[in-house]
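# take a look and give me a structure for this.
(chains A and B)
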Amino acid sequence: MYIYLRKLAAMLLTVFLVSVITFVSFEVIPGDPVLSRLGVDADEAQIEALSRELGLDDPLPVRFFRWISGIFTGNLGLSSRYSRPVSELILDRLPVTLSLAAISLLLIVSVGIPLGILSAKYGDRIPGLSISIVSQIGMAIPSFWTGIILIYVFGLILKWFSPGGYTPWSESPAEAFKSLLLPSVAIALPSIATVIRYTRNTVMEQMKNDYVRTALSKGLKMNAVLFRHVLKNAIIPVITILGMITANILGGSIVIEQVFTLPGIGRLLINAISTRDLPLVQGMILYISLMIVIINFLIDIVYTIIDPRIKLK
Amino acid sequence: MRRKKVSLHIGITIIVLLLSLMVVSFFYTPYPVTEMNRLERFSPPSARHLLGTDNFGRDVFSRIMKGSQTAFFVGFLAVSIGSVFGVFIGAVSGYFGGALDEFIMRFMDAMMAFPGILFALMFVSIFGVGIRNTIIAIGIMSIPSFARITRSGFIQHRELEYVKSARVKGVTSGRIIFHHILPNVLSPIIVAASMGFSSAVLAEAALSYLGLGIQPPDPSWGRMLSESQVFITLSPWYAIAPGVFITLIVLGFNFLGDGLRDLQDRRQ
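Predicted coordinates for the structure are as follows:
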């Protein structure tokens, strides 16, 4: 129990630091938010009144706590462009991004792990090496380029889907899936490559163990040893990189939503940056990074549960 | 054994080729980079234009060559910023340990919670776009990974005999950190620098693709891709070259990093 409490405390500290970084970063912005609303020829009294109204004359820690408590009350300030609460705007766009993330994760796990095992099985022979070279290339290809090529090939030449279109799940699940599949492939590709390489290394490391020799010498088939014995041991280190993968997926979808013009939080963020809607940018950065901190925390907990050895360390 | 050096060789080959392309671009490009030619818009690859022309009739190959300057410049400076600060932070944190270490590492963890691109986006939305801020943002973004790697090297070394004897002889902490330990823990840092170069180039390309990185007239492979997407039905080939070159440079530094890591593993 103690170990979970410690992890929880560490997570809360990280949450606090992430919020402080996000808050303080936006404090150093050149320019006065009051003047930019009132215009340069506002008089002293007007400036003071608006500052008080916006709570800008309070000391920094007070404003920080007012802002951060917005996470719980759902009010992280008003978007200056949409004049709607930041949380509401984010919630509107969340389904697209979460669907992208879910499909990508599914692709990463279901393609990356088996190919990694296969690649390890063939070791330094041709099939193993070719998988590892392809994965090396997969890590180097920028995801937005993959996206552009996928749009061109599947959207414009083969006409399997209409680029730039998005159908919500509520209208037609099949259409929604169709419009989300290719972007998910583009997001997943670099992470698939990473998972292949990582699985390959851990499986090859495991193969050196005595238990593998024992299993093989008692007559088990190679595949049985790999999938029944080795996989169980190799999967644990792979789970540790899931945290990194989630960060990659969310980071990737910021760019890919732009490539495929999908109405997710990535596109909202880029629009907010281009229109200098800073309260919205600030709120979104907080939400996205907190999501990642919490997912990492959960992965850490799962990891401790499935591998009891960790508790002893 | 021999095979292990293959990645090192591939990496060095790719990097040397791209570096020579960059060096040449300072003195010579087939066409002036900004020369527009209305009559030759969207021409396909030909003997006159190796990689075709873009929407302004500018020679794509010349722009790719100039773009390599941006890629190397951003990669080199961003990695320099990240490694100098990261190594310093990691060294101090790992050598002294204790509450300071705990605090610094918590802070680094918090920074790592931001996906790289998100941090860079936050930075440019506060300080504005452009090549300088792109470099600083990517540099800061890579500090935590350098700090972590350096720290773990220092933790392994700080209780070793040679460090203890230096301490007994009264060598100052600063000297022990930078003259005694640092040279011994340098190789994983060099591997990280090579990998960091790849991530820096990818991040720059992504930012520039989004229009929030390198601004015109500075040439950038990432921005070329976003321009090419607009005209993809008119000239699909324009979208190929910038992507291939981004992939090549990233591949080169990844292979180099892998090769260096193998070398280092073998020595131990």
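
# going forward, measure contacts between C-alpha atoms and count neighbours the same way
Will do.

# centroid-nearest residue for the chain?
Assuming you mean chain A. A:Leu250 (2.5 Å; C-alpha atoms, centre = their mean).

# should've been chain B
Nearest residue to the geometric centre of chain B (C-alpha atoms, centre = their mean): B:Phe197, 2.3 Å.

# what helix or strand does it sit in?
helix B:186-209 (DSSP states H and E).

# so that helix, near chain A or not?
Yes. Using C-alpha under 8 Å from any C-alpha of the partner chain, helix B:186-209 reaches chain A at B:198, B:202, B:205-206.

# and that helix, what does it pack against?
When contacts are defined as 3 or more C-alpha pairs under 8 Å, 6 or more residues apart in numbering or on different chains; DSSP states H and E, helix B:186-209 packs onto helix B:60-96, helix B:116-127, helix B:131-141, helix B:143-157, helix B:221-230, helix B:240-267.

# how about the contacts made by residue 166?
In the absence of a named chain, chain A is used. A:176, A:179-180, A:262-263 (C-alpha atoms under 8 Å, 6 or more residues apart in numbering or on different chains).

# correction: the question concerned chain B.
B:Ile176.

# any idea how far B:Phe96 is from it?
As defined by C-alpha to C-alpha, to the nearest Å, B:Ala166 lies at a distance of 15 Å from B:Phe96.

# still on that earlier bit, quickly, which of the helices and strands packed on helix B:186-209 bottoms out on average pLDDT?
Least confident of the helices and strands packed on helix B:186-209, judged by mean pLDDT, is helix B:116-127 with a mean of 86.

# tell me which residues in the helix holding B:Phe197 are buried?
Residues B:187-209 are the ones in helix B:186-209 that count as buried (16 or more other C-alpha atoms under 10 Å in any protein chain shown).

# over to stretch A:219-228?
Residues of stretch A:219-228 classed as buried by neighbour count (16+ other C-alpha under 10 Å): A:225-226.

# how about stretch A:160-170?
Residues A:161, A:163, A:166-168 are the ones in stretch A:160-170 that count as buried (16+ other C-alpha under 10 Å).

# any idea which of those residues is least confident?
A:Pro163 (72).

# tell me the secondary structure at that residue.
Secondary structure state of A:Pro163, per DSSP: H, G, I helix; E, B strand; the rest coil, is coil.

# ok, now B:Ile214?
coil.

# figure out which of the helices and strands packed on helix B:186-209 is closest to chain A.
Nearest to chain A, of all the helices and strands packed on helix B:186-209, is helix B:240-267, at 4.8 Å by C-alpha to the nearest C-alpha.

# so what does the closest one touch, helix or strand wise?
For helix B:240-267, the packing partners by 3+ C-alpha pairs under 8 Å, 6+ apart are helix A:126-140, helix B:4-27, helix B:60-96, helix B:186-209, helix B:221-230.

# that one vs helix B:221-230, what angle?
Interaxial angle of helix B:240-267 relative to helix B:221-230 (axes from the mean of the first three to the mean of the last three C-alpha atoms, to 10 degrees): 140 degrees.

# what's the neighbour count on the nearest residue to the residue nearest to the centre of chain B once chain neighbours are set aside?
Counting by C-alpha to C-alpha, 6 or more residues apart in numbering or on different chains, the nearest residue to B:Phe197 once its immediate chain neighbours are dropped is B:Gly75, at 5.2 Å. Look at B:Gly75: counted by other C-alpha atoms under 10 Å in any protein chain shown, it has 25 neighbours.

# and for B:Ile240?
Counted with other C-alpha under 10 Å, residues neighbouring B:Ile240 total 15.

# ok, now B:Gly174?
The local packing of B:Gly174 (other C-alpha under 10 Å) involves 11 other residues.

# now do it against chain A, distance only.
Distance, B:Gly174 to chain A, by C-alpha to the nearest C-alpha, to the nearest Å: 29 Å.

# contacting residues around that residue?
By C-alpha under 8 Å, 6+ apart, B:Gly174 has no neighbours at all.

# confidence score at it?
B:Gly174 is assigned 88 on the pLDDT scale.

# figure out the helix or strand that it lives in.
Assigned by DSSP H and E, B:Gly174 falls within helix B:173-175.

# got the residues of the stretch 101-250 of chain B near chain A?
Residues of the stretch 101-250 of chain B lying near chain A (C-alpha under 8 Å from any C-alpha): B:106-107, B:109-111, B:113-118, B:121-122, B:125-127, B:198, B:202, B:205-206, B:210, B:225, B:229, B:232-233, B:236, B:239, B:243, B:246-248, B:250.

# buried ones from the residues you listed, can you make that a ChimeraX selection?
Buried subset of those, written as a ChimeraX selection, criterion 16+ other C-alpha under 10 Å:
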select /B:106,107,109,110,111,113,114,115,116,117,118,121,122,125,126,127,198,202,205,206,210,225,229,232,236,239,243,246,247,248,250
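
# is it true that the residue nearest to the centre of chain A touches A:Ala101?
Yes. Taking contacts as C-alpha atoms under 8 Å, A:Leu250 lies within contact range of A:Ala101: 6.9 Å.

# what residues of stretch A:240-258 count as buried?
Of the residues in stretch A:240-258, A:241-258 count as buried by neighbour count, 16+ other C-alpha under 10 Å.

# which ones among the residues you listed map onto helices?
Among the buried residues of stretch A:240-258, the residues falling in helices (DSSP state H) are A:242-258.

# so which of these also contact chain B?
A:247-248, A:250-251, A:255, A:258.

# and the furthest pair within the residues you listed?
Maximum pairwise distance among these (C-alpha to C-alpha): 17.5 Å, between A:Ala247 and A:Gln258.

# circling back: could you export the ones next to chain B among the ones in helices among the buried residues of stretch A:240-258 as JSON lines, including pLDDT?
Shown next, in JSON lines, are those (pLDDT from 0 to 100):
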{"residue": "A:Ala247", "pLDDT": "83"}
{"residue": "A:Asn248", "pLDDT": "85"}
{"residue": "A:Leu250", "pLDDT": "87"}
{"residue": "A:Gly251", "pLDDT": "87"}
{"residue": "A:Val255", "pLDDT": "92"}
{"residue": "A:Gln258", "pLDDT": "90"}
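
# would you mind listing the buried residues in the helix or strand encompassing A:Leu106?
Secondary structure assignment for A:Leu106, by DSSP H and E: helix A:86-107. Neighbour-count burial for helix A:86-107 flags A:86-87, A:89-90, A:93-101, A:103-105, A:107 (criterion: 16+ other C-alpha under 10 Å).

# and that helix, what does it pack against?
With contacts defined as 3+ C-alpha pairs under 8 Å, 6+ apart, helix A:86-107 has these neighbours: helix A:173-206, helix A:242-259, helix A:265-274, helix A:278-306.

# can you name the residues in contact with it?
Taking C-alpha under 8 Å, 6+ apart as the rule, helix A:86-107 contacts A:74-79, A:180-181, A:183-185, A:187-188, A:192, A:246, A:249-250, A:253, A:262-266, A:268, A:279-280, A:283-284.

# please enumerate residues in contact with whichever helix or strand comes after that helix?
Sequence-wise, the next helix or strand downstream of helix A:86-107 (DSSP H and E) is helix A:113-121. Contacts to helix A:113-121, defined as C-alpha under 8 Å, 6+ apart, come from residues A:127-129, A:131-132, A:195-201, A:203-204, A:226.

# just stretch A:9-17 next, same as before
Applying C-alpha under 8 Å, 6+ apart, the external contacts of stretch A:9-17 come out as A:290, A:293-294, A:297, B:106-107, B:109-110.

# how about that stretch: buried residues?
Within stretch A:9-17, the residues that count as buried by 16+ other C-alpha under 10 Å are A:11, A:14-15, A:17.

# quick one: B:Lys114 and A:Leu286 touch, right?
Quick fix: residue B:114 is Phe, not Lys. No. At 9.0 Å, B:Phe114 does not count as touching A:Leu286 under the criterion of C-alpha under 8 Å.
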